[in-house]
Structure formats: structure tokens, C-alpha cells
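# Could you look at this predicted model? Sequence included:
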Amino acid sequence: AADKINLIPQDFFAELCEQIIQHLNHKIPGVDIAELCQRIQASGIEINVGDLAKIANVVSFLFSTAARNNLSTEELVSALGNAVTALPKQALHVIRHVWNEQGKSISLSEDARDMATVGQFIDMKWKLGVAMSSDTCRSLKYPYVTVTLKVADPSGQITDKSFEMTIPQFKNFFRQFKEMAAVLEMV
């Protein structure tokens, strides 16, 4: 991942580092790697989502380990300088700046670490569609519901999960949500 950091402009790398710190502080549910990657690509830089996700995982591990060990800015930069000689100087500068400004605010309590093993729901979109025909049936007129869930996985990466349901499946899905709402009303 260190060689790929060279590809990312300093301002985008700083934004990635800041979002990771915010995620570790539970201020945002995760880092939208796909959206950041699109903006980097729009600026003319060739990088793929997988490489950017690897960089985000490395930086997240770096910051969480530094927080767990209560490292000062100088201790962190010194450790990085000794261990990772391939890390670019501009990346070290960004890491130093972000850690110095926001690093001490990371709270890694036991409860927070336990909660981090489950993803977090962010948003849901749905649409109703009708299959008109297929290669085996000329007139289907078959309705379905497509649901897209935006979730942050435990590492903080935001992904979309899509699935389709028949109308009976959707009715069952809706009934279960009504049951959950009723239970929540009693709490």
C-alpha cells in the first residue's frame, strides 16, 4: 500500500486521514472509499477502489494502534520513519499533522472495540420495478422491489448491498419491520 500512497495527492490523503480519525472517534459511521476514489480519479489520478481501501485499512490500523499505545506525534512519526522507509515524506507530513491535531481525541474503550465488530446501517433506497418479458416468457408483468442498503462495515468502509424481492417477500419484510417497530415502542 505504501507505493500507492505516492499516487494520492496530499489534500486527498489528508482528507482520508481525517475521515479515518473521525470514524475511530465514532463521529461518522465510516469512510466512503468509493466516493473518495471517484473524486481522486476525477482529478486525473489513476487509482482503483481496492488500492484505496488497502491504504485506508493501513492508515486506520496505524492510528488505532498509535491510540492504543498512547503514542505522541513524535513517537508515531519516529516509528514510521524507522519501520516503513517506503512511506513518502508528504504522507509522513500529513500523518504527523493529522495525528498532532486530532490523534489524542481517539477513544478506544473496550465498549467501543466490542461494538466495532458489527457493521452500521447508514441509508436505504428502494424502487418498484416490473419485469415485462424475458427470453422464455413474452408477457411477464411481474412486479418486484429492489432495495439498496448503504452500510459501514466494521473497518469503516462504506458499501452498498442490493437485493430484489418478490411482492410476497416484500410483504413479509414489511411485516417484520412493523413487528420491530412495535417492540421498540414498548421499550
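Looks like it came in fine.

# Quick check: beta-bridge partners of the residue nearest the centre of the chain?
The centroid of the chain falls nearest to residue 157 when counting by CA atoms, centre = their mean (1.8 Å). Beta-bridge partners recorded for residue 157 (DSSP bridges): residue 31.

# Which neighbouring elements make contact with the host helix or strand of residue 174?
Taking DSSP states H and E as the definition, residue 174 sits inside helix 167-186. Packing contacts for helix 167-186, counted by 3 or more CB pairs under 8 Å, 6 or more residues apart in numbering; DSSP states H and E, involve strand 142-152. The way it works is simple: take the backbone N, C-alpha and C, and place the C-beta from them, glycine included.

# Which residues does the strand it packs on contact?
Contacts with strand 142-152, where a contact means CB atoms under 8 Å, 6 or more residues apart in numbering, come from 23, 29-30, 119-131, 158-167, 170.

# Flag every buried residue along that strand.
Of the residues in strand 142-152, those buried under the neighbour-count criterion (16 or more other CB atoms under 10 Å) are 145, 149-152.

# Correct me if wrong, but residue 128 is in a strand.
Yes. Under DSSP: H, G, I helix; E, B strand; the rest coil, residue 128 falls within a strand.

# Spell out, range by range, the helices that occur in this protein.
2-5, 10-24, 33-42, 49-68, 73-83, 89-102, 110-115, 167-186 (DSSP state H).

# Give me the angle between the third one and helix 10-24.
What that stands for is helix 33-42. 170 degrees (axes from the mean of the first three to the mean of the last three CA atoms, to 10 degrees).

# neighbouring contacts of helix 33-42?
Contacts to helix 33-42, defined as CB under 8 Å, 6+ apart, come from residues 8-9, 12, 15-16, 19, 47-49, 52-53, 56, 157-159.

# For residue 186, see how far away the residue of the chain positioned farthest from its centre is.
Relative to the C-alpha centroid of the chain, counting by CA atoms, centre = their mean, residue 138 is the outermost residue, at 42.3 Å. Distance of residue 138 to residue 186, computed by CB to CB, to the nearest Å: 50 Å.

# which residues touch residue 56?
16, 20, 31, 33, 155-157 are the contacts of residue 56 under CB under 8 Å, 6+ apart.

# 10 Å instead?
By CB atoms under 10 Å, 6 or more residues apart in numbering, residue 56 lies in contact with 1, 16-17, 19-20, 23, 30-31, 33, 36-37, 155-157.

# Just give me the closest of the residues you listed to residue 176.
Nearest to residue 176, judged by CB to CB, of the contacts of residue 56 is residue 30 at 25.5 Å.
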